[in-house]
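# Provided below for reference: sequence and predicted model.
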Amino acid sequence: MVSDDSTIVRRNQLAIRREMDRRGIHLKAVHFDSGVPYPSLLSYFPADGSREPAMMPVCALHALTRALPADLLSLLLPPGFCIVPVPEGVDYDEISVACRDFVDTKERAHHPNSEAGCAIGPGEHAKLSEKVARLRS
């Protein structure tokens, strides 16, 4: 089981690199913001995908929280888990908007003309789960 997990994590590291490139997140900027040595970042997130990424230690993941978006780092976790930054202050207006957004999204998912009709389809489930994660954080 551990080797399967290792394969999944390494595959996801390559997915993170592809998404970094797509979003224009440069490895040099990640190096400066995280403090992780550039050669180490290249080994965790190889550019060409032809070589297997090095296993990333937890201390590197910890440092990368200063440099990479939480949704990318969440790819390193098992399905159903995500990295969510803890807010420093509570903005009740923002929470109200997020709650209304969840309810509106859920109501649209139950519309007969939605993805799965009155049931919640896979895409709608993913959107709702993301909104729940934000609310729970």
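Here it is on my side, so go on.
# For the longest helix seen in the chain, what is the distance to the chain centroid?
Ranked by residue count, the top helix of the chain under DSSP state H comes out as helix 2-23. Chain-centre distance of helix 2-23: 11 Å, with C-alpha atoms, centre = their mean, to the nearest Å.
# Any chance you could list what contacts the helix or strand following that helix?
For helix 2-23, the following helix or strand on the C-terminal side (DSSP states H and E) is helix 27-34. Helix 27-34 is contacted by residues 20, 36-38, 41-42, 45, 60, 63-64, 66-68 when judged by C-beta atoms under 8 Å, 6 or more residues apart in numbering. Quick note: C-beta positions are derived from backbone N, CA and C, even for glycine.
# which parts of helix 27-34 are buried?
Applying a neighbour-count criterion of 16 or more other C-beta atoms under 10 Å, one finds 27, 30-31, 34 buried in helix 27-34.
# returning to that earlier point: can you check what angle separates the longest helix of the chain from helix 27-34?
110 degrees (axes from the mean of the first three to the mean of the last three C-alpha atoms, to 10 degrees).
# Figure out the helix or strand that Cys118 lives in.
Per DSSP H and E, Cys118 falls inside strand 115-118.
# Contacts for that strand, please.
Identification of contacts with strand 115-118 by C-beta under 8 Å, 6+ apart yields 109-112, 121-124.
# Quick check on these: which are buried?
Among these, those classed as buried by 16+ other C-beta under 10 Å are 109, 124.
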